[in-house]
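Novice: Generate coordinates for the sequence data below:
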Amino acid sequence: MRAKRKTVQKSVQAYRQRMQRYGFRQVNLWVPDTRAPDFVKECRRQSRLASAGPEGEIDELLLGVAGTVDGWT
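Specialist: Numbers count the residues shown, from 1 in each chain. This next block holds a predicted model:
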């Protein structure tokens with residue numbers, strides 16, 4: 001088992017080094033777990049809150065944020 005772990009570690013290390021040579025860098029991201037039992041319930045809760053807000057406020061917010069992505073290529 002120990003030898004197999006070393007092999008896997010070397011393989012992963014080689015992969016990471018290769019990707020760095022290609023000009024990539026590793027980034028770790030935390031994202032919502034869509035498989036979590038309460039995920040759908042939380043999405044609905046947030047959607048209801050957003051829809052209950054003042055008319056047009058959410059639209060203005062989204063349009064304002066969308067306007068800040070110009071040139072993101």
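Novice: what residue ranges in this protein are flagged as low confidence?
Specialist: 1-2, 73 (pLDDT under 70).
Novice: the helices in the protein, which residues?
Specialist: For the chain, helices defined by DSSP state H occupy the ranges 2-21, 39-52, 57-66.
Novice: Any figure for the gap between the residue nearest the centre of the chain and K4?
Specialist: Nearest residue to the geometric centre of the chain (C-alpha atoms, centre = their mean): V31, 4.5 Å. According to C-beta to C-beta, to the nearest Å, V31 and K4 sit 30 Å apart. C-beta here means a position set from N, CA and C on the backbone, and glycine is covered the same way.
Novice: Also G71?
Specialist: Noted for G71: a distance of 47 Å to K4, by C-beta to C-beta.
Novice: Comparing these two, which residue is more hemmed in?
Specialist: K4 (8 against 5; other C-beta atoms under 10 Å).
Novice: Please report how far G56 lies from R16.
Specialist: Relative to R16, G56 is positioned 48 Å away (C-beta to C-beta).
Novice: go on, E55?
Specialist: Applying C-beta to C-beta, the value for E55 to R16 is 50 Å.
Novice: Neighbour count for these two, which is higher?
Specialist: R16 (13 against 6).
Novice: Grab the nearest non-local neighbour of that one.
Specialist: Distances taken as C-beta to C-beta, 6 or more residues apart in numbering put Q26 closest to R16, at 6.4 Å, once the chain neighbours are dropped.
Novice: And the one you found, how close does it get to Y15?
Specialist: As judged by C-beta to C-beta, Q26 and Y15 stand 10 Å apart.
Novice: for R44, same thing?
Specialist: R44 sits 40 Å away from Y15, taking C-beta to C-beta as the criterion.
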